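**Q** coordinates for the following, if possible.
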Amino acid sequence: MHPAESGGIWINLSVVGIAAVLEFYVLFKAMKEVLHETSTDATGSKIFTKSFQVLGRAKPATKLVQH
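**A** Now for the predicted structure:
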């Protein structure tokens, strides 16, 4: 009924930071898989734009990960 107040802001921020990095990694891998499935070549920052442009041609399971 009366929980103890948490005082560890750095623990919370580090968990959120690690989660954000891991989610970005998964999104990046899904983008590369979309490019692989659609036989599209892209490097660097073009991976982000090209993967969304060809997303309609990717397999449904890969689309689910990227959306």
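**Q** so after the strand or helix carrying residue 16, what's the next helix or strand?
**A** Using DSSP states H and E, residue 16 sits within helix 9-37. Using DSSP H and E, the helix or strand that follows helix 9-37 in sequence is helix 46-53.
**Q** tell me the buried residues in that following helix?
**A** Buried residues in helix 46-53, counted by 16 or more other C-beta atoms under 10 Å: 47, 50-51. The C-beta positions use only the backbone N, C-alpha and C, and glycine is treated the same way.
**Q** same thing with stretch 27-45?
**A** So, applying 16+ other C-beta under 10 Å, buried residues of stretch 27-45: 30-31, 33-35, 38, 40, 42.
**Q** and what of stretch 3-17?
**A** With the criterion 16+ other C-beta under 10 Å, stretch 3-17 contains no buried residue.
**Q** let me see the mean pLDDT of that stretch.
**A** Averaged across stretch 3-17, the pLDDT comes to 87.
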